[in-house]
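Trainee: I'll drop the sequence and a predicted model, then ask my questions.
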Amino acid sequence: MSTFSQSANYHQDSLQARLEIDYLLDAQAIEKDDQQDVINGLNKANKSLPARYFYDSKGSQLFEDICQLPEYYPTRTEASILEQYAPKIVQQTQVNELVELGSGSSLKTRYLLDADQGLNAPLYYVPVDVSGGILQESANNLLADYPQLKIQGKVATYSQALRQLSGRFLGRRIIVFLGSSIGNFNPRECDRFIDRVTSALNPGDYFLLGIDLQKPVEILTAAYNDSQGVTAAFNLNMLQHLNHRFAGNFNLDLFKHQAIYNQTEHQIEMYLISQQAQTVTLASLDLTIELQPGERILTEISRKFNLAKMENYLSDRNLNLIQTYTDSQQWFGLLLCQF
């Protein structure tokens, strides 16, 4: 073996020594739940589909494209807040363990890791994602760039990871939930989620939450009805994903994307609208549905929050606000709370 090969192997071994990944997903149970959720959603009078079906390989790439669109402000706005305030957040919290729910590529997390360089060594990063491939790839990239970082990833749902974390602590912890992903939960789901978060915190630990704030309707609707049609392609691709997954015959040309802002509920609602009467089957689910012209299938909600109300909501659940960080237009907020 050449000296170069030995050096490369040693480097790779040293990276892997700082990486552990727990695979908590029960593939059979997840598959069964996935199937039942589709059957239940499409059999309802007001039809719906789980938003997780956006994310096959094509859907994931389309979402990356959405994040670069001029109309889609949330990603870049939250990133700018993190870039500006990460040093203050790190100095305030002084944690040994950073848990990120829905970590994905961990790109925005790098602002926190950059600010922490050497300050709280060793720092344990605990990314949580249902995609083992994305988690492994992002972990390898982080380990190469942050030599004092240790990673203990979890391929798991939020509830699985938080349940496991509730009995295991490596020191002072911060749980990070970015992207206003909490907006995809209805109020009841949100209550359950926050209860799970607090069960995984010890007194003195922290929770950092990103939320999309209420703003003029035209800005919101433009963000989900972009001029290039990328969001429409993203929404319609869900049907192609179902076709592939469950031997379906959705004809994408017979559906239209629509995103509206429900001003009563303060949420964006994304729909797929049937353009004519049609019969759709998902053979492997033994499911047949009839759709009428104009009938809608709800694919996602994205709630938009009032900052003061959210602060009070968290406080009522023993998450006491330490600091709120926003952009100059107050389009997005980062709430740092202590349990």
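Mentor: Happy to help now that I have it. What you see is a predicted model; the values in this text were computed from it and never measured.
Trainee: this structure: helices as residue ranges?
Mentor: 3-16, 27-43, 57-67, 74-93, 109-116, 132-145, 158-165, 187-199, 217-224, 230-246, 307-316 (DSSP state H).
Trainee: centre-most residue in the protein?
Mentor: The residue lying closest to the centre of the chain (CA atoms, centre = their mean) is G102, at 4.4 Å.
Trainee: now do the contacts for that residue.
Mentor: Residues near G102 by CB atoms under 8 Å, 6 or more residues apart in numbering: V128, D129, Y158, F177, L178, G179, S181. Heads up, the C-betas are built off the backbone N, CA and C, glycines and all.
Trainee: repeat that with 7 Å
Mentor: Taking CB atoms under 7 Å, 6 or more residues apart in numbering, we find G102 in contact with V128, D129, G179, S181.
Trainee: what's the answer for V197, then?
Mentor: So V197 contacts L162, I175, F207 (CB under 7 Å, 6+ apart).
Trainee: go again with 6 Å.
Mentor: I175 (CB atoms under 6 Å, 6 or more residues apart in numbering).
Trainee: thinking again about what came up before, for the residue nearest to the centre of the chain, give its distance to I211.
Mentor: G102 is 14 Å from I211, where distance means CB to CB, to the nearest Å.
Trainee: ditto for A223
Mentor: Taken as CB to CB, the span from A223 to I211 is 15 Å.
Trainee: low-confidence regions, this protein specifically.
Mentor: 1-14, 120-121 (pLDDT under 70).
Trainee: which one of the helices of the chain lies closest to E300?
Mentor: helix 230-246 (8.1 Å; CB to CB).
Trainee: quick one: distance of the closest one to the chain centre.
Mentor: On the basis of CA atoms, centre = their mean, to the nearest Å, helix 230-246 is displaced by 18 Å from the centre of the chain it belongs to.
Trainee: got the angle between it and helix 27-43?
Mentor: 120 degrees (axes from the mean of the first three to the mean of the last three CA atoms, to 10 degrees).
Trainee: residues in contact with helix 230-246?
Mentor: 53-54, 56, 58-59, 62, 65-66, 224, 248, 250, 252, 257, 270, 282, 284-285, 299.
Trainee: hmm, back to that, the more surrounded of A223 and I211?
Mentor: I211 (26 against 22; other CB atoms under 10 Å).
Trainee: buried set for stretch 83-91?
Mentor: Neighbour-count burial for stretch 83-91 flags Y85, A86, I89, V90 (criterion: 16 or more other CB atoms under 10 Å).
Trainee: with stretch 228-245 instead?
Mentor: 230-243, 245.
Trainee: ok, now stretch 319-337?
Mentor: So for stretch 319-337, counting by 16+ other CB under 10 Å, buried means L319, T324, Y325, T326, D327, W331, F332, G333, L334, L335, L336, C337.
Trainee: surely the first one touches D205?
Mentor: Spelled out, that is L319. No - shown here, L319 and D205 do not form a contact pair, counting by CB atoms under 6 Å, at 10.0 Å.
Trainee: now do the nearest residue to R317 once chain neighbours are set aside against D34, distance only.
Mentor: Sequence neighbours aside, I194 is the residue nearest to R317 in space, at 5.2 Å (criterion: CB to CB, 6 or more residues apart in numbering). Distance of I194 to D34, given as CB to CB: 25 Å.
Trainee: looking at the two, which one has more neighbours?
Mentor: Set I194 next to D34 and count neighbours by other CB under 10 Å: I194 wins out with 21 against 15.
Trainee: pull up the gap between that one and S105, please.
Mentor: Counting by CB to CB - I194 and S105 are separated by 25 Å.
Trainee: what bridges to K154?
Mentor: D22, V128 (DSSP bridges).
Trainee: would you check that it makes contact with A161?
Mentor: Yes - K154 is in contact with A161 according to CB under 6 Å; the separation is 4.5 Å.
Trainee: what sits in contact with each of the two?
Mentor: V128.
Trainee: T279: how many residues sit nearby?
Mentor: 9.
Trainee: so who does it touch?
Mentor: Contacts of T279 (CB under 6 Å, 6+ apart): E290.
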